[in-house]
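Peer 1: 3D model of this:
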Amino acid sequence: MRKRCIIPVVLLACMVGLVVYVRSLNIPPPVVADMSCTQWQRVKVNDSLYTVGSNWLHRSRGGLWEMYLEGGGFERGVAFGKLTQELLEYQEDAFVEMIGQYVPSASYLRLLKYFVAWFNRKLPEYVPQEYLEEIYGTSLSASPRFDFIADPYLRQLNYHAAHDMGHALQNMNMVGCTSFALWNGRTADSCLAVGRNFDFYAGERFAENRIVCFIRPDSGYRFTMVSWADMCGVLSGMNEKGLTVTINAAKSDIPAASAMPVSLLAREILQYAATIDEAYAIADRRSVFVSESFLIGSCTDNRAATIEKTPEKQGLYAPVGDQIICTNHFQSDLFVGDATNLDNIRESDSPYRLARAEELLAARAVFNETAIAAVLRDTRGLGGKTIGYGNEKAINQLIAHHTVIFKPAKQKFWVSTHPYQLGELVAYNADSIFAMPMIRLMHTGRLPEIAGNISADSLLYSPDYAQFLRYRQMCDSLRTDMDRNGKGKRLVDERFASRFVQTNPEMFRVYCLLGDWHQSRKEYATAVQYWKMALTKEIPRLPEREYLEKQIEKYDR
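Peer 2: The predicted model follows:
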């Protein structure tokens, strides 16, 4: 009896000690010499245009938010927060809602909160002062609704490490990005082109309000990036020197403590580097706590390369030829024998997506932006095989926060509109927007339009897409029914199962979920039938296949 109690007692003692320790932490915001910008007032010009000083926020006809910021770090942050105050609250609400879905237990959420605070206790030591001030400035407009989590500054600071925390501590499947670059004879104008899907999924609401930011800092290069309210880190961006940065997560070992969030390292590269060598040098002098690939496109070099970085080492992947593809494993010589990387290659969907991208890029000699978009929107598997909509082995997993295509030599880029990468890709020219007087925006109510928007994907208007949405809804119904553990009215029956299969017949998860549901009802023979059917489909990851095999072995009597 005493041995049975020891583990809960130790855990309780650790939890109490952690709470006491965290509450003793004092992490103040950075000291800002001049805080006069906090007196700025937001002006509503009309329903789609707001200004704060020389900064502005505009809602485009395509549904994208477009924002211009200038000045020092704190000034930019204050303007960001004031301009996006409602979006800031909406984004935080969506993020907290998503966390609640992953961790539904209130007690575990409290423990997670204290653990994250302890884990990130030294985070400010790794973030440049400029970005601490920017985050602090934004946090001044954060909603008090979420003060139960932490004070606004600590929340905003920790949110910038959420991407890293997720795939470092649990290798959560929130990110499975695909990106590639083409140059010389592979593009219609022989200039560098970069395409990427940012497949960060934190719920449908989280991706609704994409912001295309145009930033003129008082130091470094001006740049543009695709982001959301409260995110000053870079996920996809291009600067005035024609350097682009996109990030792709890689498998990480569990770290002992946090360091510099990768989105903020990407931001520093974008703001201060003009070449691949300069980008590499910036990355090399910073410490991170997860493994990440930084695909760097350089107009100056007229090529692209991938900086592959872990907490311990850093390499460069720069293949010979006129193209590069980046998914979620490392490819440089430095990581050929790396055990974690080899496990990632063996267990994940990353090599499959890379092979599919190679296949599509080999299918034609020359690419323009429309052809690049077609690759990024591809939902099929190797050889054009139908593998189910939403399959993580597809380049287009129908979860993307955004898709972006860069043509840095022309300072031109395209950003996808909702949903995922299926909506119209809106064309921008960064030079023309930075050169535009604000009075013109206030007079016309729109940014300078340029030709070349890429039409919405035809999938968006097809019966298949409607079925896919139905599939998503029915997945939620199945999970809800299983969570209820047989209590209350059944949400699922055999007719449901038949309709569910019809929504996405080649998707392995349909059969896996149905097997799990029947197992929860102790209907083991039927469960095994569905699990065996799932094994005939394209399964993204080795652990998912192993799970099915173990369930079949256990219940196939």
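
Peer 1: contacts, neighbours, all on C-alpha from now
Peer 2: OK.

Peer 1: all strands for the stretch 151-300 of the chain, in order.
Peer 2: With DSSP state E, counting those that start in this stretch as the criterion, the stretch 151-300 of the chain has strands at 178-182, 193-198, 211-217, 223-227, 236-239, 243-249, 292-298.

Peer 1: Switch the ones you listed over to JSON lines; also include distance to residue 465.
Peer 2: Conversion of these to JSON lines gives the following (distance: least, Cα to Cα, whole Å):
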{"stretch": "strand 178-182", "distance to residue 465": "21"}
{"stretch": "strand 193-198", "distance to residue 465": "19"}
{"stretch": "strand 211-217", "distance to residue 465": "25"}
{"stretch": "strand 223-227", "distance to residue 465": "25"}
{"stretch": "strand 236-239", "distance to residue 465": "27"}
{"stretch": "strand 243-249", "distance to residue 465": "27"}
{"stretch": "strand 292-298", "distance to residue 465": "31"}
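
Peer 1: Output the ones you listed as CSV; include the columns distance to residue 467 and mean neighbour count.
Peer 2: Shown next, in CSV, are the strands of the stretch 151-300 of the chain (distance: least, Cα to Cα, whole Å; neighbours: other Cα atoms under 10 Å):
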stretch, distance to residue 467, mean neighbour count
strand 178-182, 25, 26
strand 193-198, 23, 28
strand 211-217, 29, 21
strand 223-227, 29, 25
strand 236-239, 31, 28
strand 243-249, 30, 28
strand 292-298, 35, 28
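
Peer 1: nearest to residue 384, of these?
Peer 2: strand 178-182 (17.3 Å; Cα to Cα).

Peer 1: Assign residue 343 to helix, strand or coil.
Peer 2: helix (DSSP: H, G, I helix; E, B strand; the rest coil).

Peer 1: Tell me, how many residues neighbour it?
Peer 2: Residue 343 has 12 neighbours, counted by other Cα atoms under 10 Å.

Peer 1: Now do it, the pLDDT please.
Peer 2: pLDDT for residue 343: 94.

Peer 1: Ok, residue 99 next?
Peer 2: For residue 99, pLDDT reads 76.

Peer 1: how about it, what does it touch?
Peer 2: With contact set as Cα atoms under 8 Å, 6 or more residues apart in numbering, residue 99 has no partners.

Peer 1: What strand or helix carries it?
Peer 2: Secondary structure assigned from DSSP states H and E places residue 99 in helix 85-102.

Peer 1: and whatever helix or strand comes next after that helix with helix 85-102, angle?
Peer 2: Later in the chain than helix 85-102, the nearest helix or strand by DSSP H and E is helix 106-119. Relative orientation of helix 106-119 versus helix 85-102 (axes from the mean of the first three to the mean of the last three Cα atoms, to 10 degrees): 110 degrees.

Peer 1: and helix 106-119, what's its mean pLDDT?
Peer 2: Mean predicted lDDT for helix 106-119 stands at 71.

Peer 1: And it, what does it pack against?
Peer 2: If you count contacts as 3 or more Cα pairs under 8 Å, 6 or more residues apart in numbering; DSSP states H and E, helix 106-119 packs onto helix 2-24.

Peer 1: Report the next helix or strand after the helix it packs on in sequence order.
Peer 2: Counting by DSSP H and E, what follows helix 2-24 is strand 43-46.

Peer 1: ok, how many other residues are close to residue 462?
Peer 2: For residue 462, using other Cα under 10 Å, the count is 10.

Peer 1: Now render the strands of the stretch 151-300 of the chain as CSV, adding mean pLDDT.
Peer 2: CSV is the format used below for the strands of the stretch 151-300 of the chain (pLDDT from 0 to 100):
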stretch, mean pLDDT
strand 178-182, 98
strand 193-198, 97
strand 211-217, 97
strand 223-227, 97
strand 236-239, 98
strand 243-249, 96
strand 292-298, 97
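
Peer 1: out of those, nearest to residue 259?
Peer 2: strand 292-298 (13.2 Å).

Peer 1: Using PDB, write down the CA coordinates of that closest one.
Peer 2: The C-alpha coordinates for strand 292-298 follow below in PDB (Å, rounded to 0.1, in the frame of the first residue of the first chain):
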ATOM      1  CA  GLU A 292      14.300  23.900 -37.100                       C
ATOM      2  CA  SER A 293      15.000  24.400 -40.800                       C
ATOM      3  CA  PHE A 294      15.200  27.900 -42.100                       C
ATOM      4  CA  LEU A 295      14.800  28.100 -45.800                       C
ATOM      5  CA  ILE A 296      16.700  31.200 -46.900                       C
ATOM      6  CA  GLY A 297      16.100  32.600 -50.400                       C
ATOM      7  CA  SER A 298      18.500  35.300 -51.500                       C
END
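
Peer 1: still on that earlier bit, can you give the distance from the helix holding residue 99 to the centre of its chain?
Peer 2: Relative to the chain's own centre, helix 85-102 is displaced by 15 Å; criterion: Cα atoms, centre = their mean, to the nearest Å.

Peer 1: returning to what we had before: of the strands of the stretch 151-300 of the chain, which approaches residue 354 most closely?
Peer 2: Nearest of the strands of the stretch 151-300 of the chain (Cα to Cα): strand 178-182, 7.7 Å.

Peer 1: what angle sits between the closest one and strand 243-249?
Peer 2: Using the same axes, to 10 degrees: strand 178-182 against strand 243-249 is 150 degrees.

Peer 1: What is strand 178-182 packed up against?
Peer 2: strand 193-198, strand 303-309, strand 323-326.

Peer 1: Which strand residues bridge residue 50?
Peer 2: residue 44, residue 57 (DSSP bridges).

Peer 1: quick one on the thing from earlier: in CSV, list the helices and strands packed on strand 178-182 along with distance to residue 346.
Peer 2: Below are the helices and strands packed on strand 178-182 laid out as CSV (distance: least, Cα to Cα, whole Å):
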stretch, distance to residue 346
strand 193-198, 23
strand 303-309, 18
strand 323-326, 17
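
Peer 1: Just give the number of residues close to residue 29.
Peer 2: 17.

Peer 1: again, but for residue 546
Peer 2: The burial count for residue 546: 12, using other Cα under 10 Å.

Peer 1: quick one: which helix or strand includes it?
Peer 2: Judged by DSSP H and E, residue 546 forms part of helix 542-555.

Peer 1: and that helix, which residues are buried?
Peer 2: The neighbour-count check on helix 542-555 (16 or more other Cα atoms under 10 Å) flags 544-545, 548, 551-552 as buried.

Peer 1: Same check on stretch 456-471?
Peer 2: 456-457, 465, 467-468, 470-471.

Peer 1: ok, now stretch 442-450?
Peer 2: 442, 445-447.

Peer 1: Run through who's touching it.
Peer 2: When contacts are defined by Cα under 8 Å, 6+ apart, stretch 442-450 is touched by residues 45, 48-49, 58, 60, 427-429, 432-433, 441.

Peer 1: Fine by me, we can end here.
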